[in-house]
Each structure stands twice: as structure tokens, then as C-alpha cells.
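*Asks:* got a predicted structure here, sequence first:
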Amino acid sequence: MKIKVSVAIEKALVVRLDKIAAITQQSRSQIVERMIRDDIEGSEQMANLLANPQARAEMIKQFNNPEMMKIFAAAMGDKSSPAVSQKMVETVESLGQDLEKTKNKKGRNR
């Protein structure tokens with residue numbers, strides 16, 4: 001079952017969306033639904049990784065590894081920097097803490 005949702009999107013994004021729709025011969029809705037599905041699946045996978053303290057610690061270790069960050073920067077088209085790396089570490093740590101708090105609250109409510 002599908003539910004109709006209304007969202008406001010920047011005009012520049014709509015122009016880009018329309019180009020993709022024209023090229024792929026799909027509707028805006030089909031494209032947006034696929035993009036949201038793909039992003040949610042990726043976010044869920046990341047959340048599951050972050051829920052694992054060992055995986056989270058390994059991610060932080062890798063973000064602090066200069067060689068790994070060079071590879072990451074190359075993959076990002078050199079849009080990365082030490083500041084970006086630090087922000088990623090902070091985000092991973094923060095998400096991990098949030099997950100722990102949520103897990104602890106659920107445990108107390110049982």
C-alpha cells in the first residue's frame with residue numbers, strides 16, 4: 001500500500017530530478033521512492049554497524065588512520081580533509097552513544 005506524501009524541495013533539486021526522470025523514463029515518484037529506499041537501507045545498515053561496539057571502535061580507528069583517510073579522500077574526489085575526518089569520528093561516536101542510550105532506555109522499560 002502506498003501513502004501519498006507531500007514535500008517541499010529546492011527548485012534546483014527538482015530540475016535535476018526531472019532530468020533523471022526524462023533520461024530513465026520514470027516518474028518523479030518512482031525515482032524519489034527508489035532514492036529514499038536506497039538511503040534508508042544504507043542508513044539501517046550503518047545503524048546496525050554502529051550498534052555493535054566493536055564495529056564502531058574499528059570505524060573510529062579507521063577514520064583516525066591517515067592512510068585510510070587518503071583512500072577515502074580519493075574516493076570522495078579530494079573533498080575530504082582532517083576536519084571532515086574529525087567530524088566523521090565525532091558523528092560515529094555520537095551515534096554510538098545515542099544508540100547506547102536508546103538501548104538502555106528500552107531495557108529499563110521492560
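*Replies:* Arrived safely. Numbering: from 1, shown residues only.
*Asks:* so what are the domain limits for the protein?
*Replies:* What automatic domain parsing lists as the domains of the chain is 9-51, 53-110.
*Asks:* the longest one - what's its average pLDDT?
*Replies:* Throughout domain 53-110, pLDDT has a mean value of 71.
*Asks:* which SS class is Ile9?
*Replies:* Of the three states, Ile9 takes coil under DSSP: H, G, I helix; E, B strand; the rest coil.
*Asks:* and Gln97, how far is that from Glu41?
*Replies:* 24 Å (Cβ to Cβ, to the nearest Å). (C-beta placed from N, C-alpha, C; glycine too.)
*Asks:* the helix or strand Ala47 falls within: what's the following helix or strand?
*Replies:* Element membership of Ala47 [criterion: DSSP states H and E] is helix 28-51. Later in the chain than helix 28-51, the nearest helix or strand by DSSP H and E is helix 53-63.
*Asks:* related to what we said a few turns ago, got TSV for the domains of the chain, with distance to Lys2 too?
*Replies:* Output for the domains of the chain, formatted as TSV (distance: least, Cβ to Cβ, whole Å):
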stretch	distance to Lys2
domain 9-51	8
domain 53-110	29
